[in-house]
Each structure stands twice: as C-alpha cells, then as structure tokens.
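Enquirer: Give me a model of this one.
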Amino acid sequence: MLDKPAGIPRQSGCYLFRNVRGEVVYVGKARVLAQRLASYFQRRDGLPEKTRFLMDEATSVEWIVTPSELDALVLENELIKANQPRYNLRLKDDKSFPYVALDSRTPFAAPYLTRGAHVKGVRYYGPFVDVGALRTTMDELLQAFPLRTCTTHKFRYHERVGRPCLLYDIGKCCGPCVGKVDDEGYREIVQSWARFFEGDVRPLRDRLRTQMDAAAAGRHYEAAARARDGLEALERASASQSVVLDDHSDLDVVASASEGSRTALVRFRVRFGRIVGRTAHLIDRTMDDDGEELFEDVLADLYPEGEPVPPVVVVERAGWASALAAAFLSVRRGRPVEVVAPQRGRRRRVVDLARADAAAVVARDTLRRQADHNVRSRALLELGEALGLPAPPFRI
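Expert: Here you go, the predicted structure:
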C-alpha cells in the first residue's frame with residue numbers, strides 16, 4: 001500500500017492519485033489537504049472497501065494548492081473532466097429529455113422540440129418528461145399565441161406567392177410570411193411563449209381577458225371570440241404545469257435516492273410557483289461516502305456554464321446547504337444565491353416530491369440493469385453450450 005508522503009500542506013486544494021502507469025485514478029478536493037489525505041493512510045482493514053481498492057492500485061499522490069475551497073471545487077471539476085478517473089463518481093442523464101427551443105437569431109422565430117446539444121443564441125425551455133403532453137401543450141399555446149411553426153423553405157414559399165397557409169386560416173399562425181404582423185408584434189408573441197414556459201402565466205391570462213372584454217365592449221364579437229378561445233387554450237396548456245408554491249417562488253429543488261452504489265439525483269425547476277422543468281441524473285458512486293458531499297461533487301455538472309441559476313436552491317439535506325455550494329452558485333449566477341434545506345412547510349413538501357421522483361428513477365434503473373444482466377447471462381450460457389465449454393465464459 002502507498003506510504004503517506006511528508007509535507008502535505010494545511011491549505012485548501014485538490015489531490016490526485018495515480019497508478020503505476022501514471023494514470024489519474026481519483027481526484028478529490030479538500031478544505032485542508034493534510035486532514036483529508038490523512039484519512040486515506042489508515043490501517044487497511046479500517047478503510048471502506050472501495051477506498052481499499054483505490055489505495056491498492058495507487059502508487060503516488062500529488063496535490064495542487066488553491067487560494068480557497070471554492071477554487072478547489074472549480075479545479076476539481078476541470079481535473080475530473082480532463083482525466084476521467086475511474087474511482088470518481090460518474091453523473092449521467094437518466095435519459096435524453098426534450099426541450100422547447102426558440103431560435104432568436106431568425107427574424108420570425110419558430111418553436112421546435114429538440115434533444116440535441118444547446119446552441120448559442122437559441123432559447124431553451126425545459127426539459128420535459130412527457131413529450132406527448134408537451135406537444136399537446138404547444139398545440140394549445142399556438143391557439144392563444146400563434147407563432148409560425150413552418151420550415152424556412154415553406155415560409156419562403158408563402159412569402160413568395162403572397163398567400164398564407166392553412167394554419168393562418170385556423171388561427172394557429174399570425175401570418176408573418178405575408179406581413180400580417182410586424183417584427184415588434186411578433187416579438188411580443190415570442191415573449192408570451194417565453195413567459196409561459198418560465199411559469200409566468202398570470203399576466204398572459206390577464207392580457208387575453210382584457211382583449212376579450214375590450215372587443216366585446218366594442219361589439220367586435222369575432223375578436224372577442226378569438227380572445228376567449230385563446231384564454232381557454234391557455235388554461236388547458238397551463239394545466240400541464242404542476243402548481244407547488246406561491247406565484248412569487250423562483251427556485252430549484254434538488255433531492256436524491258440511492259440503491260446500492262447507484263444514486264438518482266432529481267432537480268425540479270420551479271418558476272412562479274410552477275414546476276416548469278425537471279432533470280434526472282444517475283450517479284455511479286465508485287467511492288464510499290456518506291452522501292453529505294454529494295451535492296458539492298455534482299454542482300458543476302448540474303449547473304454548467306450558461307445554465308440559468310435561480311436566486312434560491314432548495315436541497316433535501318442540511319449538509320448540502322453549505323457555504324461552498326452557495327458561493328459556487330453565486331459565481332455561476334453573478335448574484336447571490338441562497339441554498340436552504342427546509343425541515344417543514346410547503347418547500348419541504350416539494351423536496352419530498354422530488355425525492356419520491358428520484359426513488360422511482362433509481363428503481364427503474366435497477367430493473368433495467370437486472371434485465372440487462374439476465375440477457376447477458378443467458379447469452380453466455382448459450383455460447384458455452386454451443387462451444388462445448390465446461391462452464392460459461394466469464395469474459396469475451
């Protein structure tokens with residue numbers, strides 16, 4: 001086993017364990033390097049099992065001193081990305097969920113669904129779990145706020161012939177291709193979509209109700225009917241957003257559930273009291289920990305550069321609401337961020353909701369992994385029988 005090196009500094013920083021080939025097998029961070037590294041150099045039988053595996057493989061350890069613990073957290077993330085150490089936890093998306101995208105680089109932005117990488121200049125809303133329900137929501141929203149949904153080729157064709165398509169006739173497009181709306185009017189409709197997917201439904205509802213009342217008072221009954229239909233469509237669309245807090249709540253909720261060495265981490269995006277997005281990640285915890293540092297370890301992946309950070313992040317454990325987590329998120333946001341762990345009240349109920357969702361994610365992953373294992377086992381048995389082997393092959 002690796003001997004404890006001398007001269008470990010009592011400062012914050014990152015440390016790297018390397019194997020005999022010089023490969024980085026584990027990266028960690030510490031507020032005090034000397035204290036943290038001392039925990040690895042104990043009697044072997046006193047170490048957790050996976051830590052023993054690490055220390056059996058490691059042949060050297062080095063460290064990098066940083067000005068603060070926050071700098072150590074940022075550096076740790078960069079070192080893990082660069083080296084992909086096998087003993088570090090691995091965070092991956094549970095699956096690829098769709099986003100609603102609005103490309104603001106075009107004169108008349110068209111909303112579309114995407115699962116691909118995010119592109120600069122495009123506004124994304126989500127992610128969403130149920131793509132079928134999302135398509136229904138978008139269809140309802142088009143009746144209230146009719147953006148164009150056609151391809152650029154189709155838009156240019158109708159622009160050239162000077163005649164709108166059927167969607168304009170049924171009220172699900174505002175007809176920008178034939179000048180039925182100017183740039184400013186179209187931007188207002190785009191902003192209405194943005195408000196909806198950010199959870200800010202109340203002003204949209206008030207605006208449509210005002211339009212309906214004004215049209216009815218002026219005896220413009222067709223316009224009043226259109227506003228009424230738009231209002232009803234908005235109500236149907238907003239029913240897909242779970243209302244969990246008051247209208248002024250703008251926060252994220254993060255909770256987890258574990259089974260064996262796998263952990264599911266779920267993040268709810270709550271805007272104006274509504275859950276407008278949800279992400280689920282699966283973590284392969286390849287080093288033993290007590291779960292208290294889990295949130296800090298995945299912060300850089302949960303909130304990469306460019307990811308919107310709300311003013312409040314609600315977490316399930318008091319140990320997650322650390323000063324380091326708040327400082328990191330404040331740097332990402334550019335303004336102060338509060339990290340809190342409520343013990344009771346409405347926020348705690350939302351945390352419990354996120355935890356139940358995480359438990360469902362990790363249970364589904366366990367079933368999938370068991371099914372994959374059974375399929376592989378049957379295949380190896382059949383291969384062993386076909387080749388006349390005394391036992392199924394262990395490795396191919």
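Enquirer: centre of the chain versus the helix or strand that contains Val266, how much separation?
Expert: Per DSSP states H and E: Val266 is located in strand 262-271. How far strand 262-271 lies from its chain's middle: 7 Å, per CA atoms, centre = their mean, to the nearest Å.
Enquirer: ok, that strand: who's next to it in the sheet?
Expert: According to DSSP bridges, strand 262-271 forms sheet pairs with strand 250-259 (antiparallel), strand 274-284 (antiparallel).
Enquirer: List the buried residues for the last one?
Expert: Neighbour-count burial for strand 274-284 flags Arg274, Ile275, Val276, Gly277, Arg278, Thr279, Ala280, His281, Leu282, Ile283 (criterion: 16 or more other CB atoms under 10 Å). (Each C-beta comes from the backbone N, C-alpha and C, glycine too.)
Enquirer: Reformat the residues you listed as JSON lines; add pLDDT.
Expert: As requested, those are exported to JSON lines (pLDDT from 0 to 100):
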{"residue": "Arg274", "pLDDT": "77"}
{"residue": "Ile275", "pLDDT": "78"}
{"residue": "Val276", "pLDDT": "75"}
{"residue": "Gly277", "pLDDT": "76"}
{"residue": "Arg278", "pLDDT": "78"}
{"residue": "Thr279", "pLDDT": "82"}
{"residue": "Ala280", "pLDDT": "82"}
{"residue": "His281", "pLDDT": "84"}
{"residue": "Leu282", "pLDDT": "84"}
{"residue": "Ile283", "pLDDT": "82"}
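Enquirer: Just give the nearest non-adjacent residue to the most centrally placed residue in the chain, would you?
Expert: Nearest to the geometric centre of the chain sits Thr279, at 3.9 Å (CA atoms, centre = their mean). With sequence-adjacent residues excluded and distances taken as CB to CB, 6 or more residues apart in numbering, Thr279 is closest to Arg267, at 4.9 Å.
Enquirer: I'd say the one you found and Leu251 touch.
Expert: No - using CB atoms under 8 Å, Arg267 makes no contact with Leu251, being 10.7 Å away.
Enquirer: Kindly list the longest helix within the chain.
Expert: For the chain, the helix reaching the highest residue count under DSSP state H is reported as helix 346-387.
Enquirer: Okay, domains of the protein per the record?
Expert: As recorded under automatic domain parsing, the domains making up the chain are 13-88, 99-238, 250-363.
Enquirer: Lowest average confidence across those domains, which one?
Expert: Among these, domain 99-238 has the lowest mean pLDDT, at a mean of 81.
Enquirer: How far away from the center of its chain is that one?
Expert: Mean C-alpha position of domain 99-238 versus that of the full chain (CA atoms, centre = their mean) differs by 25 Å.
Enquirer: The stretch 51-200 of the chain: strands as residue ranges?
Expert: Assigned by DSSP state E, counting those that start in this stretch, the strands in the stretch 51-200 of the chain fall at 60-65, 90-93, 99-103, 111-114, 122-125.
Enquirer: Would you mind giving those as JSON lines with mean neighbour count and distance to Ala225 added?
Expert: Output for the strands of the stretch 51-200 of the chain, formatted as JSON lines (neighbours: other CB atoms under 10 Å; distance: least, CB to CB, whole Å):
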{"stretch": "strand 60-65", "mean neighbour count": "15", "distance to Ala225": "68"}
{"stretch": "strand 90-93", "mean neighbour count": "14", "distance to Ala225": "44"}
{"stretch": "strand 99-103", "mean neighbour count": "20", "distance to Ala225": "28"}
{"stretch": "strand 111-114", "mean neighbour count": "16", "distance to Ala225": "25"}
{"stretch": "strand 122-125", "mean neighbour count": "17", "distance to Ala225": "29"}
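Enquirer: Distance to Tyr221 added to those strands, as JSON lines?
Expert: Shown next, in JSON lines, are the strands of the stretch 51-200 of the chain (distance: least, CB to CB, whole Å):
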{"stretch": "strand 60-65", "distance to Tyr221": "72"}
{"stretch": "strand 90-93", "distance to Tyr221": "50"}
{"stretch": "strand 99-103", "distance to Tyr221": "33"}
{"stretch": "strand 111-114", "distance to Tyr221": "30"}
{"stretch": "strand 122-125", "distance to Tyr221": "34"}
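Enquirer: Excluding chain neighbours, give the residue nearest to Arg36 in space.
Expert: Leaving aside its sequence neighbours, Arg36 sits nearest to Ala30 (CB to CB, 6+ apart; 3.4 Å).
Enquirer: Please name the residues that touch the residue lying closest to Met212 once chain neighbours are set aside.
Expert: Distance criterion CB to CB, 6+ apart; nearest residue to Met212, sequence neighbours excluded, is Ala227 at 3.7 Å. Ala227 makes contact with Leu208, Arg209, Gln211, Met212, Ala215 under the criterion CB atoms under 8 Å, 6 or more residues apart in numbering.
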